[in-house]
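Asks: Here's a sequence, model it:
(chains A, B, C and D)
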There are 2 protein chains.
Amino acid sequence: MGRKKVEMKRIEEKSSRQVTLCKRRKGLIKKAKQLSILCDVDVAVVVFSDRGTLYESSTPSRFLHALLNIYIVSVCLYFTIQNSIIKLFIITSESREE
Amino acid sequence: MGRKKVEMKRIEEKSSRQVTLCKRRKGLIKKAKQLSILCDVDVAVVVFSDRGTLYESSTPSRFLHALLNIYIVSVCLYFTIQNSIIKLFIITSESREE
DNA sequence: GACTCTATTTATAATTA
DNA sequence: TTAATTATAAATAGAGT
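Replies: Below you'll find the model as predicted:
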């Protein structure tokens, strides 16, 4: 997928790495949403930044409920764990629409 | 990707849904691994079964460390949270090879 | 740096074994 | 069944804005 086959190793150039991170993170979350819809399962995706201070996820309420002992049905929210800012994209049977 | 464009809604036939779940879960974890390698980030993927008793993930040690207060570098392991059996595929900078 | 385009690679739905 | 094949849809690398 792309003009050239890409070698599976760290992209050394910082700006290219950032562009690829944005593109592929978006693609990964899209695929997680599709899997959730087609197969009627909850899916969580978490991507940590290279500095470990931010990550994003598409995640089900069941997962949050189990691990964090809370229950969330909104589509997107922010919170913190151990001084890291967390951005969550929620996919549940309650809030699955695009 | 496939012989026909697939409509974004729950696959009603159980066997087809199961086949698609297996294929797409594998694809999702592959993409998570690639993102982890190319962009030098930790990535977690968790797929819950439709009965909520089993899920799988590719997940970084940092994530487990933050949420579960443990540190894991092995490639695959099982454990439980709240009576659910968890199968984890670990992707970290320490254990990232196929 | 952050969008848009498109040639090309990759993932996968339907099919076949 | 369950696994492999293949035609096609989808993702995306690099280029252009």
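
Asks: any idea which helix or strand carries residue A:45?
Replies: Secondary structure from DSSP states H and E places residue A:45 in strand A:43-48.

Asks: Tell me, please, where in chain A the pLDDT is lower than the cut-off.
Replies: A:42, A:46-98 (pLDDT under 70).

Asks: Any residues of it in contact with DNA strand C? List them.
Replies: With CB under 7 Å from any atom of the strand as the criterion, chain A meets DNA strand C at residues A:1-6, A:15, A:18-19, A:22, A:31. Backbone N, C-alpha and C define where each C-beta goes, glycine included.

Asks: what do you get if the cut-off is 6 Å, keeping everything else the same?
Replies: Residues of chain A lying near DNA strand C by CB under 6 Å from any atom of the strand: A:1-5, A:31.

Asks: Looking at these, which are in helices?
Replies: If you go by DSSP state H, these have residue A:31 in helices.

Asks: Go through the residues of chain A next to DNA strand C and name the one nearest residue A:43.
Replies: Distance to residue A:43, by CB to CB, is smallest for residue A:31 among those, at 8.9 Å.

Asks: Excluding sequence neighbours, find me the nearest residue to the closest one.
Replies: Spatial nearest neighbour of residue A:31, excluding adjacent residues (CB to CB, 6 or more residues apart in numbering or on different chains): residue B:28 at 5.3 Å.

Asks: got it, and residue A:11?
Replies: That would be residue A:17: by CB to CB, 6+ apart, it lies 4.1 Å from residue A:11.

Asks: and if you look at residue A:34?
Replies: residue B:8 (6.6 Å).

Asks: before we move on, back to that, which strand or helix spans the residue nearest to residue A:11?
Replies: Here residue A:17, judged by DSSP H and E, is contained in helix A:14-39.

Asks: okay, the angle between that helix and helix B:14-39?
Replies: Here helix A:14-39 runs at an angle of 170 degrees relative to helix B:14-39 (axes from the mean of the first three to the mean of the last three CA atoms, to 10 degrees).

Asks: same for helix A:14-39, what does it pack against?
Replies: Judged by 3 or more CB pairs under 8 Å, 6 or more residues apart in numbering or on different chains; DSSP states H and E, the packing partners of helix A:14-39 are strand A:43-48, strand A:54-59, helix B:14-39, strand B:43-48.
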